[in-house]
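S.K.: heads up, no residue letters with this:
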């Protein structure tokens, strides 16, 4: 029986020393991996905490684990994805609140005017190059993160970010040129 198998066996028994050993052995790797994606110390530490809580609460499942490293990083990756999803949901909520506050005052803009503006926005989006159009629509309409868009389209995350940046710059420029002030405000929130 190798060291990892002994560690798993002791974890199954609820041995807190084995848990401490696992924590010491993997903390830095999980933290670094999380920080690389999240770029936020608190979020990365939160992921580490959630991963080890999940380990402690999954003692009955540990019998099935053949590779502790792979299992821990699968849990870590899933926690990171959940954070990105939550961030996208929160961003959409904030955008909705910002948009509704912009258009709440009916004297400022009517529903018909709002619909016209949104149609104009759609028309302007259609002017984008094909890939930029796909990326911006996935970002805005589906609230996907750069990583999720990257996987869905089968392109590099950095390429997705470049397309998003170029598309947003183009949209803001055209909105300003065509004096679509409410849309300018909206796109500045992106």
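M.R.: Nice, I can see it. As the structure is a prediction and not an experimental result, all values here were calculated from the model. Residues are numbered from 1 along each chain as shown.

S.K.: What residues does the residue nearest in space to the middle of the chain make contact with?
M.R.: Residue closest to the average C-alpha location in the chain (Cα atoms, centre = their mean): residue 84, at 2.2 Å. Residue 84 makes contact with 145, 147, 148, according to Cβ atoms under 8 Å, 6 or more residues apart in numbering. Bear in mind the C-beta positions are built from the backbone N, C-alpha and C, glycine included.

S.K.: what mean pLDDT does whatever helix or strand residue 123 lives in have?
M.R.: Element membership for residue 123, per DSSP states H and E: helix 111-126. Per-residue pLDDT values over helix 111-126 give a mean of 74.

S.K.: And the helix or strand just after it, what's buried?
M.R.: Next helix or strand after helix 111-126 toward the C-terminus (DSSP H and E): helix 130-141. Using 16 or more other Cβ atoms under 10 Å as the test for burial, helix 130-141 gives 131, 132, 134, 135, 136, 137, 138, 139, 140.

S.K.: can you check stretch 25-39 too?
M.R.: 26, 30, 31, 33, 34, 35, 37, 38.

S.K.: before we move on, the earlier item: now that we're looking at the residue nearest to the centre of the chain, what pLDDT does it have?
M.R.: pLDDT, residue 84: 83.

S.K.: From residue 33, how far out is it?
M.R.: The gap separating residue 84 from residue 33 is 14 Å, by Cβ to Cβ, to the nearest Å.

S.K.: How is the protein divided into domains?
M.R.: The chain breaks down into these domains under automatic domain parsing: 3-83, 105-188.

S.K.: Quick one: closest of these to residue 89.
M.R.: The closest of the domains of the chain to residue 89 is domain 105-188. By Cβ to Cβ, the value is 6.8 Å.
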